[in-house]
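Peer 1: Pasted the sequence and its predicted model underneath.
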Amino acid sequence: MPWVIGFWASLVVVPWYGLEAGLSSQSWPAAAEAAWHGRSWLLVLLPPVLLASLAGGLRWPRLMALAGVSGLLLLALEAWLIAGKSQPPLGWGALVYASCALVVAAYGLAWQGWCRGDVFIVAAIGAVCASTLVFVGYPVSCVLISAFRDNAGHLDFGLFAAKITDRSIWGLDCLTGGRNCGVAWNSLALACIVGVLSTLIGLAFALIAARTHFPAKRLLRLMSILPVITPPFVIGMSLILLFGRSGMVTAWLNHWLDIPRSRWIYGMTGLTLAQLLAFTPIAFLVLLGVLQGVSPSMEEASQTLRSGRWRTFTKVTWPLIRPGLANAFLIGFIESLADFGNPVMIGGNFRVLSTAVYFAVVGAAQDQGGAAVLSIVLLAFSLTAFVLQRAWVGRRSYVTVSGKGDSGQPGALPRSLHVVCLGVVLPWIVLTASIYGIILVGGFVKAIGSDNTPTWEYFLTAFAIGHGDHGFFLAGSAWNSLFTTLKVALIAMPLTAGLGILTAYLLSRQRFAGRGVFEFLTMLSFAIPGTVIGISYILAFNTAPIELTGTGLIMVIAFVFRNMPVGIRAGIANLSQVDKSLDEASLTLGARSAATLRRVILPILRPAVVTAMVYAFVRAITSVSAVIFLVSGEYNLATVYIVGRAEFGEYGLAIVYSAVLIVIIVSALLAIQLLVGERRIGRREIAQKRVPTPELAQA
Amino acid sequence: MGFRFTLGLATVLSGLGMSAPAARAEGTVVVYCGVNEAWCRAAAKGFEEKTGIHVDMTRQSAGEIYARLRAEKDNPRGDIWFGGTGDPHLQAADDKVTEPYQSPALGQLRDWAQNQATRSGNRTVGLYLGALGFGYNAKELAEHKITAPACWADLLKPAFKGEVQMADPNASGTAWTMLATIVQLMGEDKAFAYLQALNKNIDQYPSAGAAPAMAVGRGETIVGVTFQHDLIDVAKTYKEVRVVSPCEGTGYEIGSMSVIAGTRHPVEARKFYDWALTPEAQAIAGKNGSFQIPSNVGTPVPPEAPDISKVKLINYDFAKYGSSAERKRLLTRWSTDVKNAR
């Protein structure tokens, strides 16, 4: 049995230590380390392998499960307790050992009848749970523990109690005429507003895109997708250039309509606007997939029974897209809580938790314990939203995609709703267009808004191509970071999407103990500000037993686990519409669950896959806060470069780089679209013609 | 199996392809750089050309680098912390996450740079000096018909109501320098009276230290309190920005450099350190748009830099105002008496 052989190989063949140095390292396999290098404690890892060989030969389920589980436990014991930091960091041997132990345990449990005896499912649950624990639970707990310590590192619960009840977090002065409310209330209010509005605007977009004959649909899709691919501070900056006190729109209004110039854009209003611009597209992506999944025959049935369009929409369509709405809200809410770039740019005096956490860590006060306390508040909000979301979606059935061919046509929108949607979408398009107009133009003039002389200077500084003795070479200062970024993003993209969709499948199709806890755990890394994730990754993965800092791998891991939740949310929302009988039919026909997942579930989940891949790719390119602590000079990333330039007022360079990134991402979106293709759900041909459903990025 | 195979393959490939070359043993120095990106790159390139030692440079703000050093202290990844405001360098020296080193070039440095070394037990050294000040937008000023401010006291004029910006000292080292400067100029109680009066004119307290400079440039506010070199940076693009060195005198930051404790490349790190203090290396700053006062006596001061003979520097007490206790006390008082007072 190959996995048992792998189990042996992990001890005897593969070097045990030194993941950092790769396979070519000087380290020896565990057996050799134990025999000749005085690391005899490694022998505790041997019994599980012997047990597995015995149990594998005899097909003895309990013994097999025992072998696998004890292998994992002993490895953890060896890594953290016995040897701990006195040994070199674990390497490929340990990785192979852990994987094999996991699969062996899965065999044992499956033979006992777990998950209908399906080894793939048991192993997948184990693998996803284990990796989430190691790459989310472990680092996050490393940071949160400091909430209970004083600056010298001693446990101090009194200090924690004092900090978490502090007035700067929970004060309500603004209600009684004071200047500031606590950051917690600010964040909560902002997140609720942004969550609700982004879901509603996203729904308006999705309805227009999926259910109407809107002429410029492709343009609409492109525009709605643009903000997601823009480094966050750029949106804030463009808003200032447009609506700031010296902004173009402000000046125009002042000149022609005598509206006095003011700074309304700074603070909660402007922040809400910026966050809506940034997060509505994600809601749109999630809702579009769900809306397209709603079976037209349900709506047709409703209309046949003489319901009007409005009644059909409120009584049939709306309830059916509930999982989509709930997931879109959850994403908007949590994104708003964790957003850092926009509050810094246009928050003004309006303080929120994420910026407070950041400046507690790196600001003049240097208070990591305080940051951990704030993070706990932040997590409590996320947890609450998560629980509420699940309660609202409830246990009802949202199945509309079943094995039966579905030949309905989606009904038209109620007239009033159509008008409302257009009323939301059209101004939004204008706003988006003007913002991107500024970004595209801004990099090619000297100082936009103040000195509009055209110049190639910034573009050439960043992206010049020189010509020397050896032909052409890349002379611009941005090329290096651009290529590294694309490489990391391309590696992270399929991993993020794959893991996200797999997790969504497990969460929505399998019943296992601790599912709810596990689901929340996957959301954790998404909800915590990137800075804290960055610090937590250093705390967790800088020393033995798991040493990853300084490698490109840690960036990929950080991206995967930080951006996976969107894939999960989109996947869950989509899967809740798909009838389980489809899986069962495939299983009955003898396909195993891996094949079912690949050949039945994945094609149906195409919109979710697109969402997850788009998001993973884009976020790997545009997010900066988490990885800025993980980058080394070898792996300089585009956003780090952009922020580095913008911080020193070199906005021209920052903007031109953003514009180039946007062009690249849009091309990538087209490529993803081509690659994944469209979902075909046995809808009538005529319906396809009347209501074409091209995916988001065809534009 | 295709799907799973692809996944596995991708994992393995990424692991192989991207495992760190950071362990390259010789001829590398890892620099955490706290100054302008352009300066960082040029310095890295200059050192590589001079010595052939490869520079692995990462740019972050000083606060971020300090947080990173503390997180990495059990297994340091960096060798040199180059630039960035002096307070976190001093704190790092206190925490012993940086190590003592006396460069042979120490004697060539200006007094304030040597004092920085003495203060920290040679765990850090002055690299450049940046004077605090404020800037105003000449166009907006003319529109509002206000005379140009020249002193700290001018900022209290009612004409500037809602037109002054400074960062939040809780978050920004720049604004902390301003708070400490005012306290040292006026004495604590008078200083807080001043800051309370100023609070009436303040439009917002952003978090980032250089943000007021940008706001002045774009005309979002008339006056912004920040370091003079940040203002000069902005003035390159926005011609209406004027830089003021307050007549009462002003505080300053000492941009510093430290060797990280437990450096993996001690020899290269020291070479870099010595090189960074030479006039040749320090001249790179001015050429790349950073206009602070360099610490080596022999380095020509860039013409764009504030004329130090006209800047009235106070005798800034870094030991007192760099200490955590004093900092915490003053920040708490500022938050209650000033920021939340209105």
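Peer 2: Great, that's in hand.

Peer 1: tell me the contacts of residue A:375?
Peer 2: A:143-144, A:147, A:357, A:528-529, A:532 (Cβ atoms under 8 Å, 6 or more residues apart in numbering or on different chains). No exception for glycine: its C-beta is placed from N, CA and C like everyone else's.

Peer 1: same check, this time on residue A:100
Peer 2: Residues in contact with residue A:100 (Cβ under 8 Å, 6+ apart) are A:3-4, A:6-7, A:10, A:71.

Peer 1: so which of those would you say is closest to chain B?
Peer 2: residue A:6 (12.5 Å; Cβ to the nearest Cβ).

Peer 1: The closest one - how many residues pack around it?
Peer 2: 18 (other Cβ atoms under 10 Å in any protein chain shown).

Peer 1: Could you check how far it is from residue B:242?
Peer 2: 71 Å (Cβ to Cβ, to the nearest Å).

Peer 1: if you look at the contacts of residue A:100, which of them are in helices?
Peer 2: Judged by DSSP state H, the contacts of residue A:100 include A:3-4, A:6-7, A:10, A:71 as members of helices.

Peer 1: between those, which has the most around it?
Peer 2: Within these, most neighbours by other Cβ under 10 Å means residue A:7, with 29 neighbours.

Peer 1: Could you double-check that that residue sits in contact with residue A:51?
Peer 2: No: between residue A:7 and residue A:51 there is no contact under Cβ atoms under 8 Å: 10.0 Å.

Peer 1: what's the domain layout of chain B?
Peer 2: As given by automatic domain parsing, the domain ranges for chain B are B:26-129+B:253-305, B:131-251+B:322-339.

Peer 1: Next, format those domains as JSON lines and append mean pLDDT.
Peer 2: Output for the domains of chain B, formatted as JSON lines (pLDDT from 0 to 100):
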{"stretch": "domain B:26-129+B:253-305", "mean pLDDT": "88"}
{"stretch": "domain B:131-251+B:322-339", "mean pLDDT": "88"}
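
Peer 1: Including mean neighbour count and distance to chain A, could those domains go into JSON lines?
Peer 2: Output for those, formatted as JSON lines (neighbours: other Cβ atoms under 10 Å in any protein chain shown; distance: least, Cβ to the nearest Cβ, whole Å):
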{"stretch": "domain B:26-129+B:253-305", "mean neighbour count": "21", "distance to chain A": "3"}
{"stretch": "domain B:131-251+B:322-339", "mean neighbour count": "21", "distance to chain A": "4"}
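
Peer 1: and of those, who's closest to residue A:328?
Peer 2: Between residue A:328 and the domains of chain B, the tightest spacing by Cβ to Cβ is seen for domain B:131-251+B:322-339, at 29.6 Å.

Peer 1: could you say which helix or strand contains the residue in the stretch 151-300 of chain A positioned nearest to chain B?
Peer 2: Per Cβ to the nearest Cβ, residue A:246 is where the stretch 151-300 of chain A lies closest to chain B, at 3.5 Å. Per DSSP states H and E, residue A:246 falls between elements, in no helix or strand.

Peer 1: That one: what's it in contact with?
Peer 2: With contacts defined as Cβ under 8 Å, 6+ apart, residue A:246 is in contact with A:261, A:449, B:140, B:218-220.

Peer 1: Tabulate the domains of chain B (CSV), appending distance to residue A:100.
Peer 2: Shown next, in CSV, are the domains of chain B (distance: least, Cβ to Cβ, whole Å):
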stretch, distance to residue A:100
domain B:26-129+B:253-305, 28
domain B:131-251+B:322-339, 49
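
Peer 1: Can you give me the pLDDT of the most centrally placed residue in chain A?
Peer 2: Centroid-nearest residue in chain A: residue A:563, 2.1 Å away (criterion: Cα atoms, centre = their mean). On the pLDDT scale, residue A:563 is placed at 80.

Peer 1: Which of the contacts of residue A:100 sits closest to residue A:599?
Peer 2: residue A:3 (24.2 Å).

Peer 1: Distance check, the closest one against residue A:245.
Peer 2: For residue A:3 relative to residue A:245 (Cβ to Cβ), the value is 66 Å.

Peer 1: secondary structure class for residue A:610?
Peer 2: Three-state call for residue A:610 (DSSP: H, G, I helix; E, B strand; the rest coil): helix.

Peer 1: isn't it right up against residue A:674?
Peer 2: No: with contact defined as Cβ under 8 Å, residue A:610 and residue A:674 do not form a contacting pair (10.9 Å).

Peer 1: These two: which is more packed in?
Peer 2: residue A:610 (26 against 11).

Peer 1: gap between the more buried one and residue A:616?
Peer 2: Taking Cβ to Cβ, one finds residue A:610 at 11 Å from residue A:616.

Peer 1: Common neighbours of the two, please.
Peer 2: Residues touching both residue A:610 and residue A:616 (Cβ under 8 Å, 6+ apart): none.

Peer 1: check contacts around the residue nearest the centre of chain B.
Peer 2: In chain B, the centroid-proximal residue (Cα atoms, centre = their mean) is residue B:85; its distance is 3.3 Å. Contact partners of residue B:85, counting by Cβ under 8 Å, 6+ apart, are B:34, B:62, B:130, B:173-174, B:177, B:253-256.

Peer 1: Out of the residues you listed, list just those in helices.
Peer 2: Applying DSSP H to these, the entries found in helices are B:62, B:173-174, B:177.

Peer 1: which one's the longest strand in chain B?
Peer 2: Of all the segments of type strand in chain B, defined by DSSP state E, the longest one is strand B:125-137.

Peer 1: Starting from it, tell me which strands it pairs with and how they run.
Peer 2: Paired strands of strand B:125-137, with direction, are strand B:223-227 (antiparallel), strand B:241-244 (antiparallel), strand B:252-260 (antiparallel), strand B:293-294 (antiparallel) (DSSP bridges).

Peer 1: Next SSE downstream of it?
Peer 2: helix B:138-143.

Peer 1: pull the CA atoms of that following helix into PDB?
Peer 2: These are the backbone C-alpha positions of helix B:138-143, laid out as PDB (Å, rounded to 0.1, in the frame of the first residue of the first chain):
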ATOM      1  CA  ALA B 138       0.500  79.600  -0.600                       C
ATOM      2  CA  LYS B 139      -2.400  79.500  -3.000                       C
ATOM      3  CA  GLU B 140      -5.000  78.600  -0.300                       C
ATOM      4  CA  LEU B 141      -3.400  81.100   2.100                       C
ATOM      5  CA  ALA B 142      -3.800  83.900  -0.500                       C
ATOM      6  CA  GLU B 143      -7.400  82.900  -1.100                       C
END
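
Peer 1: Quick check: which helices or strands does the next helix or strand after that helix pack against?
Peer 2: Downstream of helix B:138-143, the first helix or strand assigned by DSSP H and E is strand B:164-165. Packing partners of strand B:164-165 (3 or more Cβ pairs under 8 Å, 6 or more residues apart in numbering or on different chains; DSSP states H and E): strand B:202-204, helix B:211-217, strand B:223-227.

Peer 1: CSV please, covering the ones you listed and showing distance to residue A:590.
Peer 2: Shown next, in CSV, are the helices and strands packed on strand B:164-165 (distance: least, Cβ to Cβ, whole Å):
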stretch, distance to residue A:590
strand B:202-204, 67
helix B:211-217, 64
strand B:223-227, 71
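
Peer 1: Nearest to residue B:93, out of those?
Peer 2: strand B:223-227 (22.0 Å).

Peer 1: what's the distance between that closest one and the middle of its chain?
Peer 2: Strand B:223-227 sits 14 Å away from the centroid of its parent chain (Cα atoms, centre = their mean, to the nearest Å).
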